[in-house]
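Trainee: Turn this into a model:
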Amino acid sequence: MKDISNQQQSVDLLQQLGLKEYEARCMVALARLPKGTAKEISEISEVPRTRVYDAIRVLETKGLVEIQHSNPQQFRTVPIKEAAETLRQEYESRTETLAEAMAAIEPAESNGGDEGITHEVWALSGTTAITNRTQQLIDAAGREIVLIIGRDEVVTDKLLDQLQQALDTGLDVLVGTQTEDIREQIAEALPDAEVFVSGLEWLDSSPLEVDDDTTISRLLLIDKNTILVSSVHETDTGGIETEKAVFGRGFDNGIVVIARRLMATGLPPRHDPDTTVED
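Mentor: This next block holds a predicted model:
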């Protein structure tokens, strides 16, 4: 069962990387053989034999399959690591071309306009998308970054590198964690940051909801102006459903004051920029 699952997962991933279904199935079939004829590939992949040749031609064009011109013809995949690298480069090339093309699109005229909008709130789904938005917001910070980490998975080498770069440019960086172990890990990686154990125990779950499996993944406040809050919901099997977030910018009222003070819960008063300590 596990082998079948791996095969199907491989087919699905190859399709996500741009291959059509028959091409992906032939590719996976060849990965199981040192080499094979169209008949053997058809039997393993369940792709009609007449369609195998079309799929193989595409795979050869992409540099994923080699052909031996014997009678009958023999086919084999390039080494798996080489194939993965070829697909990665093609995928990156496509995404770069996409970014350039979309950036060059002429904007359409808007009938509404947003001249009167002082703040805005948006929703976003998916851990990758939320991580990317978090990184973009941190990169755009000009004065202060306040980050509360609700789940250990949020802490990555890239995040730590970003925060260190912010410190190197003179920004104030405050990081709250849920455990002392994570606090020590981040404090060691970012000795110039203010790192503390957050006093927001309810980030793990709500005391008002007995069956509430939703936990806060991250809280981010940039320059006392831009806020991002993300959460995840754990399934009965311990897995995680899609991470969801809301983020907004342009706030200039009491919401930011409340959020800033709330996020600083657990930070020693002498380190809290919102607290004035008299000599």
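
Trainee: going forward, measure contacts between C-alpha atoms and count neighbours the same way
Mentor: OK.

Trainee: List the buried residues in the helix ranked longest in the chain.
Mentor: When the chain is parsed with DSSP state H, its longest helix is helix 80-103. Buried residues in helix 80-103, counted by 16 or more other CA atoms under 10 Å: 83, 87.

Trainee: do the same with stretch 8-24
Mentor: 10-12, 14-15, 19, 21-24.

Trainee: Of the residues you listed, which pair is most distant in space?
Mentor: Across those, the longest distance by CA to CA is 12.6 Å; it joins Ser10 and Tyr22.

Trainee: Next, give phi and psi for Thr226.
Mentor: Note on Thr226: its backbone torsions stand at phi -120, psi 130 [degrees, to the nearest 10].

Trainee: What's the local residue count around the closest residue to Ala83 other than its chain neighbours?
Mentor: Nearest residue to Ala83 in three dimensions, chain neighbours excluded: Leu64, at 5.6 Å (CA to CA, 6 or more residues apart in numbering). Leu64 sits with 21 neighbouring residues when counted by other CA atoms under 10 Å.

Trainee: Arg25: neighbour count?
Mentor: By other CA under 10 Å, 27 other residues sit near Arg25.

Trainee: swap that for Ala259, sorry
Mentor: 15.

Trainee: try Arg32
Mentor: 14.

Trainee: now do Ile138
Mentor: Counted with other CA under 10 Å, Ile138 comes out at 23.

Trainee: I'd like to know how far it sits from Phe247.
Mentor: 13 Å (CA to CA, to the nearest Å).

Trainee: so where do the strands sit in the protein?
Mentor: Remark: strands assigned in the chain by DSSP state E are 65-68, 74-77, 120-125, 144-149, 172-177, 194-197, 214-222, 226-233, 244-249.

Trainee: Let's have these in JSON lines, adding distance to Leu33.
Mentor: Shown next, in JSON lines, are the strands of the chain (distance: least, CA to CA, whole Å):
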{"stretch": "strand 65-68", "distance to Leu33": "12"}
{"stretch": "strand 74-77", "distance to Leu33": "7"}
{"stretch": "strand 120-125", "distance to Leu33": "40"}
{"stretch": "strand 144-149", "distance to Leu33": "47"}
{"stretch": "strand 172-177", "distance to Leu33": "49"}
{"stretch": "strand 194-197", "distance to Leu33": "53"}
{"stretch": "strand 214-222", "distance to Leu33": "44"}
{"stretch": "strand 226-233", "distance to Leu33": "41"}
{"stretch": "strand 244-249", "distance to Leu33": "42"}
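
Trainee: Identify whichever of those lies nearest to Leu163.
Mentor: Between the strands of the chain, strand 172-177 lies closest to Leu163; by CA to CA that is 7.2 Å.

Trainee: Run the chain-centre distance for the closest one.
Mentor: Taking CA atoms, centre = their mean, to the nearest Å, one finds the center of strand 172-177 at 21 Å from the center of the full chain.

Trainee: Give me the angle between that strand and strand 144-149.
Mentor: 10 degrees (axes from the mean of the first three to the mean of the last three CA atoms, to 10 degrees).

Trainee: Just list what strand 172-177 packs against, helices and strands only.
Mentor: strand 144-149, helix 157-168, strand 194-197 (3 or more CA pairs under 8 Å, 6 or more residues apart in numbering; DSSP states H and E).

Trainee: same thing but at 10 Å, please
Mentor: Helices and strands touching strand 172-177, by 3 or more CA pairs under 10 Å, 6 or more residues apart in numbering; DSSP states H and E, are strand 144-149, helix 157-168, helix 180-189, strand 194-197, strand 214-222, helix 254-263.

Trainee: follow-up on the earlier one: list the helices and strands the longest helix of the chain packs on?
Mentor: Right, helix 80-103 is packed against helix 2-16 by 3+ CA pairs under 10 Å, 6+ apart.

Trainee: Fine by me, we can end here.
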